[in-house]
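Peer 1: give me coordinates for this.
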Amino acid sequence: MDVEGAKQRVNDEVDARAEALLDASHRIHANPELLFEERYASALLADALEAAGLEVTRRAYGLETAFAATAGAPDASGPTVAVLCEYDALPGIGHACGHNIIATAGLGAALAAAAIVDDCGGRLIVLGTPAEEGGGGKILMAEQGALDGVDAAMMVHPAGADLTEMDVIAVSTMEVDYHGRAAHAAAFPWHGRNALDAAVLGYTAVAALRQHILPTERIHGIFTKGGDKPNIVPQHTQAHWYVRSPTIDSLAPLKERVLIALEAGATAAGCTMEHHPMAPDYSDLRTNRALADLYAANAARTGRDVHRPSPDSRVVGSTDMGNVSHLVPSIHPTIKVSPAGVTIHTEEFATWAAGPDGDRAVLDGAKAMAMTVADLWLDDQAMSTVRDAHRLGP
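Peer 2: Below is the predicted model of the structure:
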């Protein structure tokens, strides 16, 4: 099979499955599930892959809502390409990050690529990766061998623009607990040590720190427990903090500065503080330029103009796909779903993710990725260039 014939075939496969793919997208959107609880979405995707003849492993790599599906001969001589699906939602605002689109664009790409895998001599792996929104599912799966033998990995992320990549920065998440001493707030307040004061003073110290960090760095936190009752001096409070920096290397010293500021609150209030990570640290994204160029050229065949981010068109965030990109050649392009002024993680974006533009993104994203897989399987030079780009680094 030649490359052009393969690309026409995968496009036809996506078109033939369009109704089912969009139905799956709408179902996942209508049934939002939080990290590590994505039982409905995981089963829906796994069922579709299994029905198409792929070999599916559920509860893959030790995670209840993960799956892995394969197509192609285990001893195939061609490259092994992984297509990744995300499907967790956000608390309160559902699929405001559009993971229903990520899931079903990945499903469509996988089903289309599986239809040509034997003719191309390659191997396909489809990974259902739970808990992108703070749980690090891809990291946990990679630690258990999910990416062993993979030559390239890809997914698409909905946004307000068609870009070769997100501006992905590293992030560390932590849960911080302050411990004081309870007392009657009116009768014997001097016996107490106020853990809420400790949390507030820690927050204030971080606020002061913010003016002395780089413009590319971010620190944000919320209180998740402020005490039990106003007339009891709070003996236990809790906060969640995110610390972000451009790279995984620059993240460590910033995290240390934040912890010192938070600890200062405990010291000032006569309390103690402890902290622990809420998830593995997410790395920055190392976009494989050669692979991104292939994707952009294929997306153009669907009518999309995919370009590199500029100061006027950036989507900043963090994702565990960054960790994947440090291990294997990877891309994480964005696909336009909404007007540029509608940002992800908003209720308005959730509406767009289930609308006509979201539907178009499912099909176009599936086609662009499936055509890129065909390039890697059928063009030895393309795969060699991708490998060289990964070896040389950003």
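Peer 1: list the contacts of Met321.
Peer 2: By Cβ atoms under 8 Å, 6 or more residues apart in numbering, the contact set of Met321 is 84, 132, 138, 155, 168, 285, 330, 332. (Glycine included, C-beta is placed from N, CA and C.)
Peer 1: swap in Ala96?
Peer 2: By Cβ under 8 Å, 6+ apart, the residues touching Ala96 are 89-90, 344-347, 349-350, 353.
Peer 1: of these, just the buried ones, PyMOL syntax please.
Peer 2: Buried subset of those, written as a PyMOL selection, criterion 16 or more other Cβ atoms under 10 Å:
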select buried, resi 89+90+344+349+350+353
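Peer 1: tell me which of the contacts of Ala96 fall in strands.
Peer 2: Counting by DSSP state E, no part of the contacts of Ala96 is found in strands.
Peer 1: closest to Asp228 out of the contacts of Ala96?
Peer 2: Asp228 has its nearest neighbour among the contacts of Ala96 in Leu90, at 27.8 Å by Cβ to Cβ.
Peer 1: quick check, that closest one in contact with Glu347.
Peer 2: No - checked against Cβ atoms under 8 Å, the pair Leu90 and Glu347 is beyond contact range at 10.1 Å.
Peer 1: which two among the contacts of Ala96 are spaced furthest apart?
Peer 2: Ala89 and Thr346 (13.4 Å).
Peer 1: just to revisit the earlier point, between the contacts of Met321, which is closest to Ala182?
Peer 2: Nearest to Ala182 among the contacts of Met321, with distances taken as Cβ to Cβ, is Glu132, at 38.6 Å.
Peer 1: from Ile331, how far out is the closest residue in space to that closest one that isn't next to it in sequence?
Peer 2: Nearest non-adjacent residue to Glu132, counting by Cβ to Cβ, 6 or more residues apart in numbering: Glu86, 4.6 Å away. Using Cβ to Cβ, to the nearest Å, one gets 14 Å for the distance from Glu86 to Ile331.
Peer 1: cool, and His390?
Peer 2: Distance from His390 to Ile331, by Cβ to Cβ: 11 Å.
Peer 1: go through the contacts of Met321 and flag which are in helices.
Peer 2: Lys138 (DSSP state H).
Peer 1: which one of the contacts of Met321 sits closest to Ala30?
Peer 2: Taking the contacts of Met321 together and measuring to Ala30 by Cβ to Cβ, the closest member is Glu132, at 19.4 Å.
Peer 1: avg pLDDT for the helix or strand hosting Ala290?
Peer 2: Assessed by DSSP states H and E, Ala290 sits inside helix 289-300. Helix 289-300 carries an average pLDDT of 98.
Peer 1: ok, now stretch 169-178?
Peer 2: In the prediction, stretch 169-178 has an average pLDDT of 97.
Peer 1: can you check stretch 67-85 too?
Peer 2: The model assigns stretch 67-85 a mean pLDDT of 96.
Peer 1: now it - C-alpha only, PDB.
Peer 2: Extracted in PDB, the C-alpha atoms of stretch 67-85 (Å, rounded to 0.1, in the frame of the first residue of the first chain):
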ATOM      1  CA  PHE A  67      -7.100   0.200  28.900                       C
ATOM      2  CA  ALA A  68      -4.700  -0.800  26.200                       C
ATOM      3  CA  ALA A  69      -5.600  -2.000  22.800                       C
ATOM      4  CA  THR A  70      -3.400  -3.400  20.100                       C
ATOM      5  CA  ALA A  71      -3.500  -4.100  16.400                       C
ATOM      6  CA  GLY A  72      -0.900  -5.500  14.000                       C
ATOM      7  CA  ALA A  73       1.400  -8.400  14.200                       C
ATOM      8  CA  PRO A  74       3.500  -8.500  17.400                       C
ATOM      9  CA  ASP A  75       6.600  -9.200  15.200                       C
ATOM     10  CA  ALA A  76       5.700  -6.500  12.700                       C
ATOM     11  CA  SER A  77       8.800  -4.900  11.200                       C
ATOM     12  CA  GLY A  78       7.400  -1.400  11.000                       C
ATOM     13  CA  PRO A  79       7.100   1.200  13.800                       C
ATOM     14  CA  THR A  80       4.900   0.900  16.800                       C
ATOM     15  CA  VAL A  81       2.700   4.000  17.100                       C
ATOM     16  CA  ALA A  82       0.600   4.900  20.200                       C
ATOM     17  CA  VAL A  83      -2.600   6.900  20.100                       C
ATOM     18  CA  LEU A  84      -3.600   8.200  23.500                       C
ATOM     19  CA  CYS A  85      -7.100   8.900  24.700                       C
END
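Peer 1: what are the buried residues along it?
Peer 2: In stretch 67-85, counting by 16+ other Cβ under 10 Å, buried: 67-72, 76, 78-85.
Peer 1: check those residues and tell me the two furthest apart.
Peer 2: Among the buried residues of stretch 67-85, Phe67 and Gly78 lie farthest apart (Cβ to Cβ), at 23.2 Å.
Peer 1: can you map out the strands along the stretch 201-350 of the chain?
Peer 2: 218-225, 236-245, 272-277, 316-317, 330-331, 334-336 (DSSP state E, counting those that start in this stretch).
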